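*Asks:* I would like to see how this sequence folds:
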Amino acid sequence: MALIVQKYGGSSVADAESIKRVAKRIVDTRRAGHDVVVAVSAMGDTTDELLDLAHQVAPIPAPRELDMLLTSGERISMALLAMAIHSMGFEARSFTGSQAGVITDATHGAARIVDVTPVRLREALDEGAIVIVAGFQGFNRDTRDITTLGRGGSDTTAVALAAALEADVCEIYSDVDGIFTADPRVVPKARKLDAVSAEEMLEMAANGAKVLYIRAVEYARRHGVLIHARSTFSSGEGTWVLGPGQTLPNGQGEDMEEPIVAGVATDLGQAKITVIGVPDVPGKAAEIFKIVARSGANVDMIVQNVSAAATGRTDISFTLPKGDAAAALRALDADRDDVGFESLIHDDQIGKLSVVGAGMRTHSGVSATLFEALSVSGINIEMISTSEIRISVVVRGDDLAEAARVVHTAYGLDGDIEAVVHAGTGR
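*Replies:* Okay, the predicted model is just below:
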């Protein structure tokens, strides 16, 4: 008998029929003799619809009240799911994030979990109930306010509950059959991976892969939680995310040879800012990125050009999330005279492609394959960034899908059949 934590995303509980399908899967797990704790997202596009409604009422909604509004979506899902389970003859109890003991810091809209005290969940499990928890939300002890965890919050909720309850596995359900070598909506011949290292998954999540969010993977690796990414819409085996020392249920994993390239990730959510005519003297780059940091922007890739001998000036380009660009531009423009640069260029029509694989550490020629594939296809590279197990390039946004397909093929990652996205969202 195992304790299993399951998480179901918005597309998995999009309507009444979907909720009943999820309830049956949960009941089947309980019938198999396992204790079950479920973290659930809001139905379908409910969160986006609530956000739109909030902005219709107030151009800049108060953060506290916005969190109060957005958490209602998960409360609807958890109650309906518990009702569906009851109708199948099993005891189920639903809990909000605060009732479940998910304690966070006080940051509205992007709170971080600082503790989980699942006293009521353990009591419910001891009494034989299936536990349903509203994902994406928590409670701050100091302010006594409800908070939301930001993008991927339900994934993070599930992993945090699994860690606190010492669950045997955390199953993350979505509308794809597991983790693929690329987004199957972009690269139809993407192959499902049986297993992927947490290290590789962190890089893929950080660079655009959407099946798992980076905060959940970080939390799982830090607390030793075994993640199993599966589909709500099929009974396939899915993909195991293995942290240090973890193995597949059949014992494989620890001694498996690491693939040279595990996957190709794409991201259309970034913008590029170029600071033109920066005085090429010590300290100017530090000034620029201190200003950007104060604006709250999260910088990703950075490139500085060679200084022009005639002017003693250079250009610095960097990428950041599209949503952070306006604030960064305002902050830089306000301090233009102090820094001494000439102008700013904003480009939000870029795409980032990343090749990830733990085997890169011990194999040569990985970057040459990437650049050759893009060159043959006539796709220009604007920026390059690397880590031990990743190479990222920035290309035109219109070229990103084609770039992903040709690079995927160049590394021999194509499967024999087209991948299936059951509900069309990847979540």
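*Asks:* Got the phi and psi for Pro118?
*Replies:* Note on Pro118: backbone dihedrals following degrees, to the nearest 10 are phi -80, psi 50.
*Asks:* Tell me how far it lies from Asp126.
*Replies:* According to C-beta to C-beta, to the nearest Å, Pro118 and Asp126 sit 12 Å apart. Placement of C-beta: from N, CA and C, glycine included.
*Asks:* do Arg222 as well
*Replies:* Separation of Arg222 from Asp126 (C-beta to C-beta): 27 Å.
*Asks:* Looking at these two, which one has more neighbours?
*Replies:* Neighbour totals were compared for Arg222 and Asp126, and Arg222 leads with 12 against 9 (other C-beta atoms under 10 Å).
*Asks:* counting contacts, what elements does the helix or strand encompassing the more buried one pack onto?
*Replies:* Using DSSP states H and E, Arg222 sits within helix 214-223. Judged by 3 or more C-beta pairs under 8 Å, 6 or more residues apart in numbering; DSSP states H and E, the packing partners of helix 214-223 are helix 153-165, helix 198-206, strand 227-231.
*Asks:* give me that answer again for 10 Å
*Replies:* Counting contacts by 3 or more C-beta pairs under 10 Å, 6 or more residues apart in numbering; DSSP states H and E, helix 214-223 is packed against helix 153-165, strand 169-174, helix 198-206, strand 227-231, strand 239-242.
*Asks:* so where's this structure uncertain?
*Replies:* 250-258, 420-427 (pLDDT under 70).
*Asks:* Tell me which stretches of it form helices.
*Replies:* 16-31, 46-57, 63-87, 119-126, 153-165, 198-206, 214-223, 284-294, 322-334, 336-339, 366-376, 400-410 (DSSP state H).
*Asks:* my guess is Gly109 meets Thr147, correct?
*Replies:* Yes: counting by C-beta atoms under 10 Å, Gly109 touches Thr147, with 8.0 Å between them.
*Asks:* okay, these two: which has more neighbours?
*Replies:* Using other C-beta under 10 Å as the criterion, Gly109 and Thr147 rank with Thr147 on top: 31 against 15.
*Asks:* Look up the closest residue to the more buried one, ignoring the ones flanking it.
*Replies:* Ranked by C-beta to C-beta, 6 or more residues apart in numbering and with sequence neighbours excluded, the top spatial neighbour of Thr147 is Ala111, at 3.8 Å.
*Asks:* ok, how many other residues are close to that neighbour?
*Replies:* Neighbourhood size, Ala111 [other C-beta under 10 Å]: 27.
*Asks:* contacting residues for it?
*Replies:* If you count contacts by C-beta atoms under 10 Å, 6 or more residues apart in numbering, Ala111 has them with 67, 97, 102-105, 136-140, 145-150, 153, 156.
*Asks:* and with 7 Å instead?
*Replies:* Neighbouring residues of Ala111 by C-beta atoms under 7 Å, 6 or more residues apart in numbering: Thr104, Asp105, Gly138, Thr147, Thr148, Leu149.
*Asks:* Kindly present those as JSON lines, with separate columns for distance to Val211.
*Replies:* Output for the contacts of Ala111, formatted as JSON lines (distance: C-beta to C-beta, whole Å):
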{"residue": "Thr104", "distance to Val211": "24"}
{"residue": "Asp105", "distance to Val211": "27"}
{"residue": "Gly138", "distance to Val211": "23"}
{"residue": "Thr147", "distance to Val211": "25"}
{"residue": "Thr148", "distance to Val211": "21"}
{"residue": "Leu149", "distance to Val211": "18"}
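*Asks:* Now for these: which two are most distant?
*Replies:* Asp105 and Thr148 (11.9 Å; C-beta to C-beta).
*Asks:* Those two: which is more packed in?
*Replies:* Thr148 (26 against 16).
*Asks:* quick one: the more buried one and Ser392, what's the gap?
*Replies:* Taking C-beta to C-beta, one finds Thr148 at 29 Å from Ser392.
*Asks:* roughly how far is stretch 117-128 from the heart of the chain?
*Replies:* 29 Å (C-alpha atoms, centre = their mean, to the nearest Å).
*Asks:* what comes up buried for it?
*Replies:* Neighbour counts using 16 or more other C-beta atoms under 10 Å place Pro118, Leu121, Ala124, Leu125 of stretch 117-128 among the buried residues.
*Asks:* State the distance from the nearest residue to Ile179 once chain neighbours are set aside to Val281.
*Replies:* Distances taken as C-beta to C-beta, 6+ apart put Thr239 closest to Ile179, at 4.0 Å, once the chain neighbours are dropped. According to C-beta to C-beta, Thr239 stands 50 Å off from Val281.
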